[in-house]
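1. The following block contains a protein sequence and its predicted model.
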Amino acid sequence: MTRPVRPGSSPDHPRRPHPLSARLPRFDETVQYDVIRDSLMPEEHIDGVYASESAGIALCGITNRRVILLDTAFPGGRAALITAPYSRITTVAYVSNEDENIFSRTVAIQIGRTFYEVTCRGEQQAAEIHDLITWHLIE
């Protein structure tokens, strides 16, 4: 059985650098960045802000202390800005269909018993979300 190859790697060198090494926070649009920035607490900084193509989650912000999700499919036609400290996140996973690479564009984040799916614009963005959250969970 061959090992799946992660985006940005090769079978000979599967490791990627630390997800925070030598870069500024990534974001697609300034308005999305502003939503997360305006939610920051003292001594908190943004690692990345990612737009989502998922049905409910429109935005995923990752900080040094928590994950912030913008859920636009909240009951009653409302939107909710969900905060999940890393101590409450139990799982981060790639989600793929049978015909997709296991390292797909979709990342699932489990908070308590609820899974939130973030479908990124590309596999590289999904890898960044997955790696940033994983890094915070295991550090």
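-> Looks like it came in fine. Residues are numbered from 1 along each chain as shown.
2. in the worst-scoring helix or strand of the chain on mean pLDDT, what's buried?
-> The weakest-scoring helix or strand in the chain, judged by mean pLDDT, DSSP states H and E, is helix 30-37 (a mean of 83). Buried residues in helix 30-37, counting neighbours by 16 or more other C-beta atoms under 10 Å, are found at 32-33, 35-37. Where you see a C-beta, it was placed from the backbone N, CA and C, and this is true even at glycine.
3. what does stretch 81-97 give?
-> By 16+ other C-beta under 10 Å, the buried positions in stretch 81-97 come out as 82-84, 86, 89, 92, 94-95.
4. Can you tell me which of the residues you listed is closest to Met41?
-> Thr83 (9.6 Å; C-beta to C-beta).
5. any idea which element that closest one lies in?
-> Here Thr83 is covered by strand 78-85, with elements defined by DSSP states H and E.
6. now swap in Leu40 and tell me
-> Going by DSSP H and E, Leu40 is not in any helix or strand.
7. how close does the closest residue to Ala73 other than its chain neighbours get to Ala79?
-> Spatial nearest neighbour of Ala73, chain neighbours left out: Gly56 (3.6 Å); criterion: C-beta to C-beta, 6 or more residues apart in numbering. Counting by C-beta to C-beta, to the nearest Å, the separation of Gly56 from Ala79 is 10 Å.
8. got it, and Ile111?
-> 17 Å.
9. okay, these two: which has more neighbours?
-> Each of Ile111 and Ala79 has its neighbours counted (other C-beta atoms under 10 Å); Ile111 has more, 17 against 12.
10. mind checking the backbone torsions on the more buried one?
-> When quoted as degrees, to the nearest 10, the phi and psi of Ile111 stand at phi -120, psi 110.
11. beta partners of the closest residue to it other than its chain neighbours?
-> Spatial nearest neighbour of Ile111, chain neighbours left out: Ala84 (4.5 Å); criterion: C-beta to C-beta, 6+ apart. Beta-bridge pairing for Ala84 (DSSP bridges): Val67.
12. now swap in the one 10 residues further on and tell me
-> The bridge-partner assignment for Tyr94, based on DSSP bridges, gives Val107.
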